[in-house]
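Asker: just to be clear, the model below is a prediction. Sequence and coordinates:
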Amino acid sequence: MNTDPAPYRGRFAPSPTGPLHFGSLLAAFGSWLLARQAGGEWLVRIEDLDPPREIAGAAAQQLRALTGFGLVPDGPVVRQSARHGLYRTALDRLLASGHAFECHCSRADLVGEGGIHRACVAGAQRSDPAIRLRIGDGTRVGFDDLVQGRFSQDVGRQAGDVILRRSDGLWAYQLAVVVDDADQGVTDVVRGGDLLDSTPRQIHLQRLLGLPTPRYAHLPLVLDEDGRKLSKSAAALPVDPGDPLPALRTAWRALGQPSAKVADAGSIDALLRAAVERFEPARIPRHAIPLAALHNADVISGV
Ligand code: GLU
């Protein structure tokens with residue numbers, strides 16, 4: 001009998017909404033480092049399920065940038081836009097088991113409920129209903145995050161009945177990410193801390209679909225000078241894959257690692273090799289880091 005634990009498989013899953021910025025480089029580098037250190041594989045998945053938010057050419061640009069940083073996936077890059085059949089199958093199962101339901105509520109209908117859906121309050125039937133996941137009262141889901149520690153949430157109160165397919169027919173991220181991570185055999189999800197809050201609903205969905213729950217690590221967010229998440233900010237300047245070492249060194253510091261440990265590396269290969277060898281996951285800071293704090297100084301971890 002094979003008693004080996006599942007091999008490590010990590011992934012980086014950017015949405016093609018712009019060029020790779022420092023926050024996404026941090027998620028890419030952090031997930032790559034943890035995978036490499038575990039002797040595991042690292043995949044890249046393009047999350048292109050929302051054409052209105054997509055920027056033409058962004059996915060190709062992100063992939064070129066990753067190559068420039070030496071972060072090369074171990075298998076073919078998959079695109080969510082080519083995987084609608086998988087989401088349809090999962091949705092049909094949830095509809096058949098009674099966990100998913102058609103919903104005619106509009107955003108305006110839910111304003112009085114703080115935007116959270118607990119019961120249908122729609123005034124009128126619409127021709128294009130959304131599909132939601134019914135979350136029962138008292139659905140509390142907790143998990144142990146490698147970086148953030150124990151995190152637990154009352155999913156009904158804090159997320160409500162989660163959208164699975166929007167009224168415009170687009171698949172919701174929450175369904176697609178769960179289906180894809182399981183289909184691709186991902187054992188370890190390492191991503192930005194802004195998704196910590198989404199994880200309990202994703203775990204709940206995994207359980208309803210009979211899918212395994214991966215391990216999670218949510219990395220610190222990097223904030224601009226106004227305290228906003230980088231991707232939402234004008235400071236989300238693209239990182240320069242033509243001059244990769246400075247950005248990789250900054251990402252290394254943002255992961256709480258002492259700069260001295262990669263100081264002597266003069267090429268990408270040397271830096272990545274030293275980084276895999278010397279990376280100490282226990283040093284990754286939990287809390288958001290202002291970008292300005294990263295310019296020269298090491299980040300004090302354990303805060
Ligand atoms: N596509 C998401 C983003 O770019 C990340 C999803 C994930 O890592 O689960 O924010």
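Answerer: On my side now, so go ahead.
Asker: report the buried residues of stretch 29-41.
Answerer: Buried residues in stretch 29-41, defined by neighbour count with 16 or more other C-beta atoms under 10 Å: F29, G30, S31, W32, L33, L34, A35, R36, Q37, A38, G40, E41. Backbone N, C-alpha and C define where each C-beta goes, glycine included.
Asker: these into TSV, with extra columns for secondary structure, distance to R64 and pLDDT?
Answerer: Below are the buried residues of stretch 29-41 laid out as TSV (DSSP: H, G, I helix; E, B strand; the rest coil; distance: C-beta to C-beta, whole Å; pLDDT from 0 to 100):
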residue	secondary structure	distance to R64	pLDDT
F29	helix	16	98
G30	helix	20	98
S31	helix	18	98
W32	helix	16	98
L33	helix	21	98
L34	helix	23	98
A35	helix	21	98
R36	helix	21	98
Q37	helix	25	97
A38	coil	27	97
G40	coil	24	98
E41	strand	21	98
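Asker: residue boundaries of the strands in this protein?
Answerer: Applying DSSP state E to the chain gives strands spanning 9-12, 41-46, 78-79, 100-103, 130-133, 140-145, 149-154, 163-165, 188-192, 215-219, 222-223, 289-290.
Asker: quick one: strands adjacent to the second one?
Answerer: It refers to strand 41-46. strand 9-12 (parallel), strand 78-79 (parallel) (DSSP bridges).
Asker: other residues contacting that strand?
Answerer: 7-16, 31-32, 35-36, 59, 62-63, 66, 71, 73-75, 77-81, 180, 184, 186 (C-beta atoms under 8 Å, 6 or more residues apart in numbering).
Asker: select, out of the strands of the chain, the one closest to A297.
Answerer: Among the strands of the chain, the nearest to A297 by C-beta to C-beta is strand 289-290 (10.8 Å).
Asker: what's the closest one packed up against?
Answerer: Here strand 289-290 touches strand 222-223, going by 3 or more C-beta pairs under 8 Å, 6 or more residues apart in numbering; DSSP states H and E.
Asker: show me what from the stretch 151-300 of the chain comes close to the ligand.
Answerer: Neighbours of the ligand within the stretch 151-300 of the chain, by C-beta under 6 Å from any ligand atom: V177, R191, L195.
Asker: what sits against the closest residue to L219 other than its chain neighbours?
Answerer: Once flanking residues are discounted, L219 sits nearest to G30: 4.8 Å by C-beta to C-beta, 6 or more residues apart in numbering. Neighbouring residues of G30 by C-beta under 8 Å, 6+ apart: V190, A217, L219, A251, L255, I284.
Asker: now these in CSV, with neighbour count?
Answerer: Converted to CSV, the contacts of G30 look like this (neighbours: other C-beta atoms under 10 Å):
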residue, neighbour count
V190, 28
A217, 20
L219, 30
A251, 25
L255, 25
I284, 25
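Asker: now A182: how far from D240?
Answerer: Distance from A182 to D240, counting by C-beta to C-beta, to the nearest Å: 35 Å.
Asker: more neighbours, the two?
Answerer: Neighbour count, other C-beta atoms under 10 Å: between A182 and D240, A182 has more, with 18 against 13.
Asker: residue in the stretch 101-250 of the chain nearest to the ligand?
Answerer: Going by C-beta to the nearest ligand atom, the ligand is nearest to R191 of the stretch 101-250 of the chain, at 3.6 Å.
Asker: count of neighbours near that residue?
Answerer: When neighbours are counted by other C-beta under 10 Å, R191 registers 25.
Asker: chain neighbours aside, what residue packs nearest to it?
Answerer: Distance criterion C-beta to C-beta, 6+ apart; nearest residue to R191, sequence neighbours excluded, is A27 at 5.3 Å.
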